[in-house]
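A.B. asks: I'll drop the sequence and a predicted model, then ask my questions.
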Protein chains: 2
Amino acid sequence: MRDAVPAGRATTSVPLLTDHYEYTMVSAALADGTAERPCVFEVFARRLPNGRRYGVVAGIGRLVERLAGFRFAEEDVDFLRGNGVVDADTAEWLRRYRFSGDIDCYAEGDLFFPGSPILTVSGSFAECVLLETVILSILNHDCAIAAGAARMVTAARGRPIIEMGSRRTHEDAAVAAARAAYLAGFASTSNLAAGRAYGIPTGGTSAHAFTLLHSDEPAAFASQVAMLGTDTTLLVDTYDISQGIRNAIAVAGPGLRAIRIDSGDLDVMAQQSRELLNSLGATDTAIVVSGDLDEYAIAALAAAPVDVYGAGTAVVTGSGAPTANLVYKLVEVAGRPVVKRSEHKRTVGGRKTAVRRHKPTGTVVEEVVVSQGRPESMPGDRELQRPLVRGGEIVADLPSLTESRDLLRQGLIAIPWEGLKLSPGDPTVPVVMLP
Amino acid sequence: MRDAVPAGRATTSVPLLTDHYEYTMVSAALADGTAERPCVFEVFARRLPNGRRYGVVAGIGRLVERLAGFRFAEEDVDFLRGNGVVDADTAEWLRRYRFSGDIDCYAEGDLFFPGSPILTVSGSFAECVLLETVILSILNHDCAIAAGAARMVTAARGRPIIEMGSRRTHEDAAVAAARAAYLAGFASTSNLAAGRAYGIPTGGTSAHAFTLLHSDEPAAFASQVAMLGTDTTLLVDTYDISQGIRNAIAVAGPGLRAIRIDSGDLDVMAQQSRELLNSLGATDTAIVVSGDLDEYAIAALAAAPVDVYGAGTAVVTGSGAPTANLVYKLVEVAGRPVVKRSEHKRTVGGRKTAVRRHKPTGTVVEEVVVSQGRPESMPGDRELQRPLVRGGEIVADLPSLTESRDLLRQGLIAIPWEGLKLSPGDPTVPVVMLP
């Protein structure tokens, strides 16, 4: 195919991943002298979607990457000025734009609940307001994926899950989804870009097309084994599953690593396949199942002789909750708490500080959030916020994805047991908001 | 913020926006001699999500951009080879990779139904199979957004809708979502990157934060009007809506273009606001409403004095159906139809040709799809597929987004009236599959 100027590449200009009104506000604030007022914005959820019992913080690492690229190229400014989005003074200000404020946040992999101050941005109004959309886009997407994925990991009870949903979501969102699913405890991904960008293990063997391409199923299996050896997974449901399994073991021998079933009643199929594999001497050949698996379908297979799950659509779409309901709200101006009137009953102004309180057994009791102060220190408290950016410079050593996986696993052990139920319910940890 | 190497940028390497197994299959097929077999792959939906009555083709223009970038940089090949995804021969083949086959597709903005052969890729197995994931990612995302957005446009009955959902979805998906919503008939977007990349009108004025930043609401309004004039929209629900409207008209005069209400019972609020505006002489001041609007909420406001809707979460998440269920299936090898056995009853092998059949009145009767042949020609037939790529070269003059908007509008006029109902139902046009 011939080369073309990929117009969509313009989307990688980070400052334009932003809503028009942020620039309008900056223009007006620069003109009226309020642009430099010190402000505090907070990211939090008013509620969890669909009766979820916890949220999972994800996307902080991606956010750091994006913020580092939040600089205006000359063509960005020209676009904004040429289209009347900003005036000349604002254009000049944007050319010099550097975020010089502070950011604090919960760690990736930590849990959150309604009201948890997940991320706090402080600095001048103009510097902070421009970050609203890109911060929310990243966190709303990644937290949504991680929360659904974490429920699947719980449902899988230690069996590994492969993320294979790239084809069901936007091509770039797919990469972030693979990252969030891995953070939540998935074993690997099919997405190669995620493998390269984040070091996530990738895997994959063959599709039905590969079998259909060949003259018959044994020919396809022989070709795959010739290339990949017997430490591979043969897809056995293109024609008849039982015959597929016989063909697989005939070609690869009983040392075959795994078969995959992608259709049919997976519970029945897994049982029959296990018996057949055993009868063929392939007692160590694993069974991988896939096909529209979400946390409920995975839970329903708990008693089936399944070794590995593949999850696609459900994980990349947040399993019914594709966005995390996070908002970015101005809570403080020049040290004074502010709040929209309609939210007086639910929302407290002012910069918040949060700790999670635990019983001596280690079980979480509550999250205590204090506005413009600090929670009284108690034994078993864990501080939830940590400095990410100071004076525009990243100061945190970000946790690795492996460390975030561990944090989430520990977090899910520490919540009350009801928190791991798949059914809709209240948030498992109350957030006590002290004004 | 200091510069950093944005690792996530690696995601713009198009050939890695791909599932691992596509490369595994190419390796094995190159080794066994089947890689060059001429194949036909088709993209279609087995069903529409959630009882939707039609699908909307969207993403073809984006697909063309991405396919033009489907070339292997040396570091892409090094990654694939270094991680054992491909062998040395395959790595060499990838270095020379150019898609040299053909692609036919439905036009962007056209409708589709279960079984419609939306996109047909033909060429060697190895060349075609590598495109599976990126094609499906783009079409599954963009078609899902367009389908939900089209229902909102129908529900809005001619009133304009502004797309403002960027913050609720992945930051790059947001740009594609704005494009798909505009294609579906939205009036504008808040997303500046979409404005630059696709020429979509952008708009936006101010958020609650802007009002909270100022000493009081009149000061915020005065600042906004000083910058943008009275041809702007003032957000009046930060404190008390009635007082907000009085403040707005006091500051801007009765020539103010619009007020926006983002909370509360929008039906009641719109009615009260209209009466108040009229009593203040602001009879031409429009009312913009926003806040968790989907097609049902928009329809419920049909009798309210609303002039413009703002839609966010629902549009960027496909309003309950965030993916379009499209699959990419091998249907022909060396002229021979192929089909997975479990799908014999539902799926027909072979390359399909599709026409949409109309009554003399112009109403669609059915879509006729013929495998390995052409439908009998009838008066009122419209051919649905057109050449997009021939021998790897783009041969189509792609329709502009404006032309695609027109095509969709005409298409929705031509379907049976039940097709525009918001309730769940069967696809409004039957697809008659002739083997």
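C.D. replies: Now that the structure is in, tell me what you want to look at. Numbering: from 1, shown residues only, chains lettered A, B, ... in the order given.

A.B. asks: Now do the same for the residue of the stretch 201-350 of chain A found nearest chain B: helix, strand or coil?
C.D. replies: Proximity of the stretch 201-350 of chain A to chain B (Cβ to the nearest Cβ) peaks at residue A:204, 3.1 Å away. Every C-beta, even on glycine, is put in place using the N, C-alpha and C of the backbone. Assigned with DSSP: H, G, I helix; E, B strand; the rest coil, residue A:204 falls in the coil class.

A.B. asks: Would you quantify the distance from it to residue A:48?
C.D. replies: Going from residue A:204 to residue A:48 by Cβ to Cβ, to the nearest Å gives 33 Å.

A.B. asks: now do residue A:89
C.D. replies: In terms of Cβ to Cβ, residue A:89 sits 42 Å off from residue A:48.

A.B. asks: neighbour count winner among those two?
C.D. replies: residue A:48 (22 against 11; other Cβ atoms under 10 Å in any protein chain shown).

A.B. asks: what's the domain layout of chain A?
C.D. replies: As given by automatic domain parsing, the domain ranges for chain A are A:12-145+A:321-434, A:155-320.

A.B. asks: which residues does residue A:32 contact?
C.D. replies: Listed by Cβ atoms under 8 Å, 6 or more residues apart in numbering or on different chains, the contact partners of residue A:32 are B:214, B:219, B:223, B:226.

A.B. asks: now residue A:123, nearest residue through space, not along the chain?
C.D. replies: Leaving aside its sequence neighbours, residue A:123 sits nearest to residue A:101 (Cβ to Cβ, 6 or more residues apart in numbering or on different chains; 2.1 Å).

A.B. asks: I figured that neighbour hits residue A:388, correct?
C.D. replies: No - counting by Cβ atoms under 8 Å, residue A:101 does not reach residue A:388; the two are 11.1 Å apart.

A.B. asks: Let me see the residues that make contact with the helix or strand hosting residue A:209.
C.D. replies: According to DSSP states H and E, residue A:209 maps onto helix A:208-213. Under the contact criterion Cβ under 8 Å, 6+ apart, helix A:208-213 has outside partners A:217, A:220-221, A:223-224, A:235, A:237-239, A:262, B:25, B:28-29, B:34, B:37, B:39, B:41, B:125, B:129, B:329-330, B:333, B:338-340.

A.B. asks: Give the next helix or strand downstream of the longest helix seen in chain A.
C.D. replies: As assigned by DSSP state H, the longest helix anywhere in chain A is helix A:132-156. Per DSSP H and E, the first helix or strand lying C-terminal to helix A:132-156 is strand A:161-163.

A.B. asks: for the closest residue to residue A:385 other than its chain neighbours, helix, strand, or coil?
C.D. replies: Excluding the flanking residues, the one nearest residue A:385 by Cβ to Cβ, 6+ apart is residue A:104, at 4.6 Å. Of the three states, residue A:104 takes strand according to three-state DSSP.

A.B. asks: From residue A:339, how far out is residue A:104?
C.D. replies: 20 Å.

A.B. asks: Same question for residue A:218.
C.D. replies: 69 Å.

A.B. asks: Quick check: residue A:77 is in a helix.
C.D. replies: Yes - Residue A:77: assigned to a helix according to three-state DSSP.

A.B. asks: count of neighbours near it?
C.D. replies: Neighbour count of residue A:77, defined by other Cβ under 10 Å: 19.

A.B. asks: Equivalent analysis for residue A:102, please.
C.D. replies: With other Cβ under 10 Å as criterion, residue A:102 counts 19.

A.B. asks: picking that back up, in ChimeraX, select just the buried ones from the contacts of helix A:208-213.
C.D. replies: Filtering these down to the buried ones (16 or more other Cβ atoms under 10 Å in any protein chain shown) takes a single ChimeraX command:
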select /A:217,220,221,223,224,235,237,238,239,262 /B:25,28,29,34,39,41,125,129,329,330,333,338,339,340
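
A.B. asks: Identify the residues contacting the residue nearest to residue A:385.
C.D. replies: Residue A:104 touches A:119, A:120, A:385, A:386, A:387, A:388, counting by Cβ under 8 Å, 6+ apart.

A.B. asks: Please tell me the pLDDT value assigned to it.
C.D. replies: Predicted confidence (pLDDT) for residue A:104: 98.

A.B. asks: where does it sit relative to residue A:351, distance-wise?
C.D. replies: Distance of residue A:104 to residue A:351, given as Cβ to Cβ: 9 Å.

A.B. asks: in chain A, what spans have low per-residue confidence?
C.D. replies: A:1-12, A:342-346 (pLDDT under 70).

A.B. asks: Strands of the stretch 151-300 of chain A, start to end?
C.D. replies: A:161-163, A:188-189, A:233-235, A:258-261, A:286-290 (DSSP state E, counting those that start in this stretch).

A.B. asks: Excluding sequence neighbours, find me the nearest residue to residue A:180.
C.D. replies: Closest residue to residue A:180 apart from its sequence neighbours, by Cβ to Cβ, 6+ apart: residue A:145 at 3.8 Å.

A.B. asks: wait, isn't that neighbour in contact with residue A:175?
C.D. replies: No - in this structure residue A:145 lies outside contact range of residue A:175 using Cβ under 8 Å: 11.2 Å.

A.B. asks: Between the two, which is the more surrounded one?
C.D. replies: Comparing residue A:145 with residue A:175 by other Cβ under 10 Å, the one with more neighbours is residue A:145, at 35 against 31.

A.B. asks: Pull the contacting residues for the nearest residue in space to residue A:199 that is not next to it in sequence.
C.D. replies: Once flanking residues are discounted, residue A:199 sits nearest to residue A:401: 7.4 Å by Cβ to Cβ, 6+ apart. Residues counted as contacts of residue A:401 (Cβ under 8 Å, 6+ apart) are A:61, A:179, A:182, A:183, A:198, A:199, A:200.

A.B. asks: same thing but 7 Å
C.D. replies: Counting by Cβ atoms under 7 Å, 6 or more residues apart in numbering or on different chains, residue A:401 touches A:182, A:183, A:198.

A.B. asks: Please apply the same query to residue A:73.
C.D. replies: Taking Cβ under 7 Å, 6+ apart as the criterion, residue A:73 is in contact with residue A:13.

A.B. asks: What's the local residue count around the residue nearest to residue A:421 when sequence neighbours are not counted?
C.D. replies: Leaving out its chain neighbours, the residue that sits closest to residue A:421 by Cβ to Cβ, 6+ apart is residue A:53, at 6.8 Å. Number of residues near residue A:53 (other Cβ under 10 Å) recorded here: 23.

A.B. asks: next one: residue A:377
C.D. replies: 8.

A.B. asks: For the residue nearest to residue A:56 when sequence neighbours are not counted, give me its contacts.
C.D. replies: For residue A:56, ignoring the flanking residues on the chain, the nearest one in space by Cβ to Cβ, 6+ apart is residue A:146 at 4.0 Å. Counting by Cβ under 7 Å, 6+ apart, residue A:146 touches A:56, A:58, A:180, A:183, A:184.
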